[in-house]
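Q: pasting the structure only:
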């Protein structure tokens, strides 16, 4: 509706012009908000990436200890469970050490008797009533009794199982009431501050990988990439598999990385130009891997592609299906829905 300016009160035209100018000032702000919206497509281009040699690997703790029983006895008490944090020297469990305590009492009695016999023999030798050989025999019996008492005392102390390191309980191997025997694993504790990845390297690649000295760790389940702090390749090769063991040390205090996880080590052996796409653009349906290619008018068409390994930066290498310069959708699910709606046909 247009109001003729002749019907406006005097001075209202100036006020109306100022109001329109103020409202027009908000237009650029709305445009700037639209520009800040996340991109929904990307142009596929060749880019220089690290040429990697992938190897399957396993995460393990740098410091890990499995406490084993040193005496035979029933498990009386268990004070920790899996996932619990413990301090060094903290009590983990108690074993029935009554048999060891009986042996210790017998050893201490023998020690007291041997000590008294040695003192009497020493006094008699000083008075020239016994020979030096008798004194030596009494001294030897006393020292043997001391050793037996010390060993039996250590056996009694083995009834209390303590944490050898500070960390997290990874596994508890026994339950209360079970019988423990010497050498039976009881509790496994690991230090979560330091983690490393163990990988097996083929013999024919050792020289090249030692020269490279760089690697990155990929966690396929989460799509996470971690830079390796140090690579250590052991100097021996397994005679059966003809592979060498590599230790790849990760930064300290990494969240979400625990022993036993599957990982993939990518050793950097050079650089190459590769066609890549972000993982968000790739749609997987069973055996089909595809992307939605956008034309100049914004129309989307599904196209099957063949992708390779993940490269540096987390993007996927495209082996076939699209060419450089084509634009692909970063929201394939939405593009598929729009393609099926009548308005998009």
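A: Structure's in. What do you need? Quick caveat, the model's predicted, so the values are computed rather than measured. Residues are numbered from 1 along each chain as shown.

Q: how about low-confidence regions in the stretch 151-300 of the chain?
A: 298 (pLDDT under 70).

Q: I'd like to know which elements the longest helix belonging to the chain is packed against.
A: For the chain, the helix with the greatest residue count under DSSP state H is helix 98-126. Helix 98-126 is packed against strand 73-78, helix 132-157, with contacts defined by 3 or more C-beta pairs under 8 Å, 6 or more residues apart in numbering; DSSP states H and E. Every C-beta, even on glycine, is put in place using the N, C-alpha and C of the backbone.

Q: Taking their axis directions, that helix and helix 132-157 sit at what angle?
A: Inter-element angle recorded for helix 98-126 and helix 132-157: 160 degrees (by axes from the mean of the first three to the mean of the last three C-alpha atoms, to 10 degrees).

Q: in helix 98-126, what counts as buried?
A: Buried residues in helix 98-126, counted by 16 or more other C-beta atoms under 10 Å: 100, 103-104, 107, 110-111, 114, 117-118, 121, 125.

Q: For those residues, please prepare CSV with the additional fields distance to residue 302 and pLDDT.
A: Shown next, in CSV, are the buried residues of helix 98-126 (distance: C-beta to C-beta, whole Å; pLDDT from 0 to 100):
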residue, distance to residue 302, pLDDT
100, 73, 71
103, 78, 79
104, 79, 73
107, 82, 81
110, 88, 86
111, 87, 85
114, 91, 86
117, 97, 87
118, 96, 85
121, 101, 88
125, 104, 84
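
Q: Go through these and name the one nearest residue 212.
A: Closest to residue 212 out of the buried residues of helix 98-126 is residue 100 (54.9 Å), distances taken as C-beta to C-beta.

Q: so that closest one makes contact with residue 70?
A: No: applying C-beta atoms under 8 Å, one finds residue 100 not in contact with residue 70, separated by 9.6 Å.

Q: okay, and the common contacts of these two?
A: Listed as contacting both residue 100 and residue 70 by C-beta atoms under 8 Å, 6 or more residues apart in numbering are 155, 158.

Q: Residue 216 - nearest residue in space that isn't next to it in sequence?
A: residue 266 (4.9 Å; C-beta to C-beta, 6 or more residues apart in numbering).
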